[in-house]
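Colleague: sequence below, structure please.
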Amino acid sequence: MGISDRLKQLTNKAENTAAEHKDQIKEAVEKAEVTADQRSGGKYHDRIADAAAKAQAYVDRLEPDGTEKPQAPATQPPEGEPPAGAAG
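Modeller: Numbers count the residues shown, from 1 in each chain. Sure, this is the predicted structure:
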């Protein structure tokens, strides 16, 4: 068994464990978000909230079998409009 196979096994095991403990992980992320926001005096509130939301979204997608639910596709802009953030 190569190192790549071993790393895949460890990754799957970690994802399975995380999926089984979603609620606890979500609570921990929320506590970390509040604590970081308080300790920074709210200076980085938007960044902290964004990171917490991304962590929560990742945990929400985990399935007990170690797989992820597919993400919803990004919405496309109406015809003739440039994508958000496009220079032009």
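Colleague: return the distance of the helix or strand harbouring residue 38 from the chain's centre.
Modeller: Residue 38 belongs to helix 22-39 when assigned by DSSP states H and E. Centroid separation for helix 22-39 versus its chain: 13 Å, with C-alpha atoms, centre = their mean, to the nearest Å.
Colleague: in the helix or strand hosting residue 4, what's buried?
Modeller: Element membership for residue 4 (DSSP H and E) is helix 3-20. Buried positions in helix 3-20, judged by neighbour count with 16 or more other C-beta atoms under 10 Å: 15, 16, 18, 19. In short, each C-beta sits where N, CA and C put it, glycine included.
Colleague: hmm, the third one is touching residue 63, no?
Modeller: In this case it means residue 18. No: with contacts defined as C-beta atoms under 8 Å, residue 18 does not count as touching residue 63, sitting 10.3 Å away.
Colleague: any idea of the angle the helix or strand bottoming out on mean pLDDT in the chain forms with helix 22-39?
Modeller: Within the chain, confidence by mean pLDDT, DSSP states H and E is lowest for helix 3-20 among all helices and strands, at a mean of 92. Interaxial angle of helix 3-20 relative to helix 22-39 (axes from the mean of the first three to the mean of the last three C-alpha atoms, to 10 degrees): 90 degrees.
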